[in-house]
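Student: Just need the structure, nothing else, for what follows:
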Amino acid sequence: MSVRVKFLSAIIKKSAVRKLYRGGEDRFRADFPYAAEDGHLFLAASMSGGEFDEIIDRLVDAGLVPENSFALGEIHQGEIRSCSGILFKKISCGRFPRWDASLMCGELDVTASEGAKLYEKIMERGWTFDIPEA
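Tutor: Numbering: from 1, shown residues only. All right, here's what the predicted structure looks like:
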């Protein structure tokens, strides 16, 4: 899964929004109704440098920490400010290359939460696990 970098883009981890953004994902979606998203990331973009500064200010004012909550990208350059766990990938070359951004790997707390739900469903259906001893 990935999001396509558009114009000037802030690529935000959903896990950071859930933990740090005042009001969580619902508030984020209300604040950024045109944000793109995949299973792990949001992308808020602007063609205007001034408006892009306002997006960044809003993210920081709402509680996000740039170094580990969001990266910044540009449509033809790709990454312009990094964030741990977010990977930029060039998807087309030529005079005007294009970029996607994705989460490098699932975040452990999200993966554990999803695994716990799956485990619960399996156990409800009467399945058992037999783990051999070494």
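
Student: ok, which stretches of this structure are strands?
Tutor: Ranges of strands within the chain are 3-4, 8-13, 36-37, 41-46, 70-74, 78-81, 86-92, 98-103, based on DSSP state E.

Student: which stretches of the protein aren't confidently modelled?
Tutor: For the chain, applying pLDDT under 70 flags the ranges 106-114.

Student: Any idea which residue is closest to the centre of the protein?
Tutor: Closest residue to the average C-alpha location of the chain: Leu41 at 2.1 Å, with Cα atoms, centre = their mean.

Student: quick one on the thing from earlier: rebuild the strands of the chain as JSON lines, extending it with distance to Ala30.
Tutor: Where C-beta positions appear, they are placed from N, C-alpha and C, glycine not excepted. Listed next are the strands of the chain as JSON lines, based on distance: least, Cβ to Cβ, whole Å:
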{"stretch": "strand 3-4", "distance to Ala30": "19"}
{"stretch": "strand 8-13", "distance to Ala30": "15"}
{"stretch": "strand 36-37", "distance to Ala30": "14"}
{"stretch": "strand 41-46", "distance to Ala30": "13"}
{"stretch": "strand 70-74", "distance to Ala30": "18"}
{"stretch": "strand 78-81", "distance to Ala30": "25"}
{"stretch": "strand 86-92", "distance to Ala30": "23"}
{"stretch": "strand 98-103", "distance to Ala30": "23"}
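
Student: hang on, the residue nearest to the centre of the chain packs against Ser15?
Tutor: No. Judged on Cβ atoms under 8 Å, Leu41 makes no contact with Ser15 at a distance of 9.6 Å.

Student: Could you count how many residues lie near Ser15?
Tutor: 20 (other Cβ atoms under 10 Å).

Student: how far away is it from Arg58?
Tutor: 19 Å (Cβ to Cβ, to the nearest Å).

Student: just Pro33 next, same as before
Tutor: Using Cβ to Cβ, which is the criterion applied here, Pro33 is 13 Å from Arg58.
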